[in-house]
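Colleague: have a look at this fold, sequence not included:
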DNA sequence: GTACTTGCAAACAGTTTGCATAGGC
DNA sequence: GCCTATGCAAACTGTTTGCAAGTAC
């Protein structure tokens, strides 16, 4: 998600209707670096849109994920987090403050993943999954 | 999970009882590089242990995870996979054959994560989450 | 006016739990 | 024999779906 206009444009061109609920989710996610859960998004937006339902939040996030304006993250066991940053990047979850920090590739073609420490962050566990095509299947 | 004896030893010393069901799960996981799901484990073992229940499979996997002889993996959206390899390593899931390949750190202190290709594997997406403690919380 | 979207409630699926019975030690 | 483990079924939880009413276009 780069800008409001670009996202709106893409939705229009794909035939999605611009409802107030969808626009609210889009505005909430734009530039949001907190990696909110669906619950958090729903709770926050409900203050201004009291009838906003969970299914609409999920529907909108699913729509944004389908047009690649948002990605869902499996950081915790029991729910998903959503990220408007769709560039390839790395997540550091701090067990102390609960923050989720981003490390970008920043134009580089690779990132060095250390076993112990990265940018002052002390690593307990590394979960790295890549999806794609193996050499036998190419 | 390095060996049968070492795992048995650890369970005994932690006060866990060695039931046929638990031994079956342990034998099934030992050296298994397929990253099976609980469903797969249950289905396979049920051929020899027709009354083996899902809850016992989950209970046993939970026990093995607690004593750090197994780790659970969030590779897919809808279920967990289990891995007896508890060394830090990387998973490559091939959309073609469905295999999950391991890349070990192999004594090194870091792994270079490229954006496009690794060991002949063509990368579509990278999911990397590290958990630990940030510099402010140390 | 015609779809598509919403909001509610019910369904869904993987995992977890409660409890009476079974069995390791 | 004691106490934990098992197996069944029911509960749980985040997410998804069905459908009547509402609304963007």
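Modeller: Right, received. Where do you want to start? Computed from a predicted structure; not experimentally measured.

Colleague: list the buried residues in the longest strand belonging to chain A.
Modeller: Taking DSSP state E as the criterion, chain A has its longest strand at strand A:121-133. Within strand A:121-133, the residues scored as buried using 16 or more other Cβ atoms under 10 Å in any protein chain shown are A:121-123, A:126-133. Placement of C-beta: from N, CA and C, glycine included.

Colleague: close to DNA strand D: what parts of chain A are there?
Modeller: Applying Cβ under 7 Å from any atom of the strand, we find that chain A lies next to DNA strand D at A:12, A:17-20, A:37-39, A:54-55, A:58-59, A:62, A:78-80.

Colleague: any idea which of these is closest to residue B:67?
Modeller: Closest approach to residue B:67 among the residues of chain A next to DNA strand D (Cβ to Cβ): residue A:78, at 22.1 Å.

Colleague: what is the burial count for the closest one?
Modeller: Close neighbours of residue A:78, defined as other Cβ atoms under 10 Å in any protein chain shown, add up to 5.

Colleague: then residue A:101?
Modeller: For residue A:101, using other Cβ under 10 Å, the count is 18.

Colleague: would you say it is within a helix?
Modeller: No. Residue A:101 is assigned strand when assessed by DSSP: H, G, I helix; E, B strand; the rest coil, not a helix.

Colleague: any idea how far residue A:126 lies from residue A:83?
Modeller: Going from residue A:126 to residue A:83 by Cβ to Cβ, to the nearest Å gives 19 Å.

Colleague: over to residue A:59?
Modeller: Noted for residue A:59: a distance of 18 Å to residue A:83, by Cβ to Cβ.

Colleague: ok, now residue A:108?
Modeller: Residue A:108 sits 20 Å away from residue A:83, going by Cβ to Cβ.

Colleague: thinking again about what came up before, could you flag which of the residues of chain A next to DNA strand D are buried?
Modeller: When the residues of chain A next to DNA strand D are checked for burial by 16+ other Cβ under 10 Å, the buried set is A:37-38, A:80.

Colleague: and the most centrally placed residue in chain A, what's its pLDDT?
Modeller: Geometric centre of chain A, nearest residue: residue A:83, 1.3 Å, by Cα atoms, centre = their mean. Note for residue A:83: predicted pLDDT of 98.

Colleague: contacting residues for it?
Modeller: Shown in contact with residue A:83 (Cβ atoms under 8 Å, 6 or more residues apart in numbering or on different chains): A:35, A:70-73.

Colleague: that older thread, make TSV from the buried ones among the residues of chain A next to DNA strand D and add distance to chain B and secondary structure to it.
Modeller: TSV is the format used below for those (distance: Cβ to the nearest Cβ, whole Å; DSSP: H, G, I helix; E, B strand; the rest coil):
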residue	distance to chain B	secondary structure
A:37	15	strand
A:38	14	helix
A:80	8	coil
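
Colleague: TSV for those residues, including distance to residue A:94?
Modeller: Listed next are these as TSV, based on distance: Cβ to Cβ, whole Å:
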residue	distance to residue A:94
A:37	17
A:38	22
A:80	19
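
Colleague: mind checking the SS state of the spatially closest residue to residue A:20 that is not a sequence neighbour?
Modeller: Distances taken as Cβ to Cβ, 6 or more residues apart in numbering or on different chains place residue A:49 nearest to residue A:20, at 7.1 Å, with adjacent residues excluded. Assigned state for residue A:49: coil (three-state reduction, three-state DSSP).

Colleague: residue A:49 and residue A:28: what is the separation?
Modeller: Distance of residue A:49 to residue A:28, given as Cβ to Cβ: 10 Å.

Colleague: who's more crowded, these two?
Modeller: Comparing residue A:49 with residue A:28 by other Cβ under 10 Å, the one with more neighbours is residue A:28, at 19 against 15.

Colleague: does that one touch residue A:43 like I think?
Modeller: No. If you go by Cβ atoms under 8 Å, residue A:28 and residue A:43 don't touch, sitting 10.9 Å apart.
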